[in-house]
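Trainee: predicted coordinates and the sequence they were generated for:
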Amino acid sequence: MLACPSPCGPAEDVFQSVLAMNDSPLLGHLAQAAGELQLGRLSVLIGVSGGADSVALLRGLLSLGDDLRPIVQVAHLNHKLRGATADADAVWLKRLCETLAVPLTIGIADVAQAARDAGRGIEEAARDERYRFLEQTARQLGCRAIAVAHTADDQAETILHHILRGTGLAGLSGMPAERPLPGGARLIRPLLAARRADVLNYLQQIGQDFREDESNQDEKFTRNRLRRRVLPELAREFNPQLIDALGRLGQQASQTQAALTDCAAGWLDRVLESETPCSVRLKWQPLAGRPRHLVREVLTALWRRQNWPRQEMSFDHWDRLTDVLESGGAADFPGGISARRTGRLIVIEKSGVP
């Protein structure tokens, strides 16, 4: 990992900066998000790939007024997937950060090997390695938040992807504007209300170039097919405002899910008889006859509270667990977890936990 702080001062065109502040929709979205996220003077680590979105996030945050502008550092991960091109991206970003007088930390991860070791796809492995690197760097630097550059277009892609894979209400919510991370920092998405066109227009206004990742054109990746073919076709044939429509759907689903999550947490407290790291006993009778969706949410809240793995729990698993609670019997679930109903209790146990 290479730290590259620079003593150089920023070289900005003042006229272009003033023009951008007055006329850029991106800066308007960013200023509103910075206020809502309380970023002023907060130490923030920005994940910057060198692409348009992340470069615009960096330049935009630096352009905010004193009351909104965070204390910025940059982190960049070389995934070792694109050879010399990826090395050139790191060199380009180092020069940009030197020009802007922003400290830069560069990391390297062998994503292809990580994907093979874990038996996962490249996209998933790259995302996991990137967030692991960002969280580790934020802890080392004492940053209170990690900012990533997802836009409204990315949000629409995420929601549509979830729909196509089969999702519940939580999946319709898409990506949250912020969420807590285990180490105590927050993951934030200040550009989530901005369109990709806003990003490109802003960079053109301030005369800022960026790097193009050729892998973004490769349609063997699901995200790229959605971005390049599916969403444009749906917008052309059915709804020109599709990105906005999916974004509104995500907001409404997120608000509904938040209310349901709060309700489920209250019910969990009500029915919890006892708990240890490896065993939980719940009173099932108060939940009998309640809407199945609420019961599933209560059980999901239990998994979350116990910090049990939820990734492999499909809808069918949650539904089967609900059957055990409501009708009795026993069943096994991913992660070495078993459940059985006995008397007035449902007992849920996880093996292998000390």
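Mentor: Yep, it's here.
Trainee: number of nearby residues for residue 89?
Mentor: 21 (other CB atoms under 10 Å). The C-beta positions use only the backbone N, C-alpha and C, and glycine is treated the same way.
Trainee: repeat for the one 5 residues further on
Mentor: The number of residues packed near residue 94 is 17, by other CB under 10 Å.
Trainee: give me the element residue 154 is part of.
Mentor: helix 152-165 (DSSP states H and E).
Trainee: give the other helices and strands that the helix or strand following that helix contacts.
Mentor: Of the helices and strands lying after helix 152-165 in sequence (DSSP H and E), the nearest is helix 169-172. Where contact means 3 or more CB pairs under 8 Å, 6 or more residues apart in numbering; DSSP states H and E, helix 169-172 is packed against helix 152-165, helix 242-271.
Trainee: buried deepest among these, which one?
Mentor: Of all the helices and strands packed on helix 169-172, helix 152-165 carries the top mean neighbour count, a mean of 19, counting by mean count of other CB atoms under 10 Å.
Trainee: thinking again about what came up before, what would the helices and strands packed on helix 169-172 look like in CSV with distance to residue 97 and mean pLDDT?
Mentor: As requested, those are exported to CSV (distance: least, CB to CB, whole Å; pLDDT from 0 to 100):
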stretch, distance to residue 97, mean pLDDT
helix 152-165, 23, 95
helix 242-271, 31, 96
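Trainee: in TSV: those helices, plus distance to residue 62.
Mentor: As requested, the helices and strands packed on helix 169-172 are exported to TSV (distance: least, CB to CB, whole Å):
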stretch	distance to residue 62
helix 152-165	22
helix 242-271	26
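Trainee: to residue 193, which of these lies closest?
Mentor: helix 152-165 (6.0 Å; CB to CB).
Trainee: the closest one vs helix 242-271, what angle?
Mentor: Helix 152-165 and helix 242-271 meet at an angle of 60 degrees, taking axes from the mean of the first three to the mean of the last three CA atoms, to 10 degrees as the criterion.
Trainee: for residue 344, which of the helices and strands packed on helix 169-172 is the nearest?
Mentor: Here helix 242-271 is closest among the helices and strands packed on helix 169-172 (CB to CB), at 10.5 Å.
Trainee: quick one, which of the helices and strands packed on helix 169-172 gets closest to residue 132.
Mentor: helix 152-165 (20.1 Å).
Trainee: for the closest one, packing partners?
Mentor: Packing partners of helix 152-165 (3+ CB pairs under 8 Å, 6+ apart): helix 169-172, helix 222-225, helix 231-237, helix 242-271.
Trainee: now those helices in a markdown table, with distance to residue 134?
Mentor: What follows is the helices and strands packed on helix 152-165, written out as a markdown table (distance: least, CB to CB, whole Å):
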| stretch | distance to residue 134 |
| --- | --- |
| helix 169-172 | 23 |
| helix 222-225 | 19 |
| helix 231-237 | 27 |
| helix 242-271 | 23 |
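Trainee: residue 68: which of those helices is closest?
Mentor: Here helix 242-271 is closest among the helices and strands packed on helix 152-165 (CB to CB), at 22.7 Å.
Trainee: and the next helix or strand past that closest one?
Mentor: strand 272-276.
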